[in-house]
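mind looking at a prediction? Sequence and model below.
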Amino acid sequence: MEKKRIGVIFGGRSGEHEVSLLSAASVIRAIDKDKFDLFYIGITKDGRWMAVPQVFARDESGDRDITPEIIENGTWQNAATAVNPWDIKNHIDFALPIMHGPYCEDGRIQGLLEMLDIPYGGCGVLASAMAMDKAVSKEIFRQNGLPVCEYQLVTNVDIDKYKEGTIDKIEKAVGYPCFVKPANMGSSVGISKAANRRELEEALKLALHHDKRIVVEECIDCREIETGILGNENPEAAAVGEILPSAEFYDYNAKYCDGGASKLCIPADLPADVTEKIRQMAVKAYKSIDGEGFARVDFFIDKKTGKIYLNEINTIPGFTKFSMFPLLWEAAGVKYGETIERIIELGYERYYAKNNR
Ligand SMILES: Nc1ncnc2c1ncn2[C@@H]1O[C@H](COP(=O)(O)OP(=O)(O)O)[C@@H](O)[C@H]1O
Ligand SMILES: [Mg+2]
């Protein structure tokens, strides 16, 4: 059989551009080059699409493919040439977007790939968009009987025009301390914790730089528990893991910049029945947004009461060799490279199922 050409798409316009480069480089290293041909598509921070050729460097051992390296360190643009997004079907059979955040993980690029009739890995348009929006997803989870923390959605108009009333409303619904988040973001970008009215005002201002929809949540003194899902119609959950953040909360620094001081604990130290409940809730949450392909589902467990809250679904979770999602699958017996192949298979299954309907 002819080798399929897999287009790995990375970078992107979101605040998580750099994180995407790390994930994509790991994925590129791991894909079985005997089974697949690769085509590299980088999207710059200002949204330009570039084709990145394979780049070699000569050392003692001969020519060495350094494409993943230049992607990882952000110098890939020097080697790249412009590519028209509408033309990518000439170059690829299948797209693997490995990007996080708005324009990348929120259904926009998935919509473009649907328009181009290119099969792709991961969730479809609706699931991606719903999972990305922290207010919409919480609403859906609640309607499906899944427990979420107290929260209040406010918009830029609420804040700019009716500031006092809006803050009163937040205080009544959520209280202090609270977490203030742009509704559509990730990697903790724009998120802060507020202990009083002054801090809340600051936190809202910060979040408004990233989105016009802001979610304010009650603060849970929690353990952070996650599991991974793979599947289309019959999704399955991986092992369950815990994050032990190096900071007060799992902020951007703790996620990517603390040199590994944040720890992942796999499997999470939880009673078997709690682990099982988390896995079942994760599958239910994934189905509730019509998840396809893969996703990581994140929970909070209240340290005092043991109550479980569903926090969010990440439809394109971090994918480096040290990231939670692939490690949770390794713990469940699926190796890093196999996870990627499974995602490709699931993308094709969805594509053929849709075309044969
Ligand atoms: N309601 C909350 N209570 C306690 N901690 C929270 C709450 N919401 C978020 N956090 C902390 O902030 C981090 C990032 O929030 P999250 O909603 O997961 O956003 P992101 O999409 O950026 O990952 C979480 O991993 C957790 O450490
Ligand atoms: Mg998160």
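That came through fine. Ligands and ions are numbered 1, 2, ... in the order given.

residue of the stretch 1-150 of the chain nearest ligand 1, please.
Per CB to the nearest ligand atom, the residue of the stretch 1-150 of the chain with the smallest distance to ligand 1 is Cys149, at 5.0 Å. Where C-beta positions appear, they are placed from N, C-alpha and C, glycine not excepted.

which residues touch that residue?
217-218, 220, 300, 309, 311 (CB atoms under 8 Å, 6 or more residues apart in numbering).

run the last query once more with 6 Å
Contacts for Cys149 (CB atoms under 6 Å, 6 or more residues apart in numbering) come out as 217-218, 220, 309.

from those, list just the buried residues.
For these, a burial check counting by 16 or more other CB atoms under 10 Å picks out 217-218, 220, 309.

can you give me the domain assignment for the protein?
According to automatic domain parsing, the chain comprises the domains 4-120, 131-147+221-355, 151-218.

take those and write them to JSON lines, including mean pLDDT.
JSON lines is the format used below for those (pLDDT from 0 to 100):
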{"stretch": "domain 4-120", "mean pLDDT": "95"}
{"stretch": "domain 131-147+221-355", "mean pLDDT": "94"}
{"stretch": "domain 151-218", "mean pLDDT": "93"}
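
ok so, going back, and ligand 1, which of the contacts of Cys149 contact it?
Filtering the contacts of Cys149 for proximity to ligand 1 by CB under 6 Å from any ligand atom leaves 217-218, 220.

in helices, which of those residues fall?
Among these, DSSP state H puts none in helices.

between those residues, which is nearest Met99?
Nearest to Met99 among the ones next to ligand 1 among the contacts of Cys149, counting by CB to CB, is Glu217 at 25.5 Å.

ok, that closest one touching Lys181?
No. Applying CB atoms under 6 Å as the test, Glu217 and Lys181 come out as separate, 7.0 Å apart.

burial measure for Ala247, as a count.
Neighbour count for Ala247, taken as other CB atoms under 10 Å: 14.

how about the host helix or strand of Ala282: buried residues?
Using DSSP states H and E, Ala282 maps to helix 272-288. For helix 272-288, a neighbour-count test (16+ other CB under 10 Å) marks 275, 278-279, 281-288 as buried.
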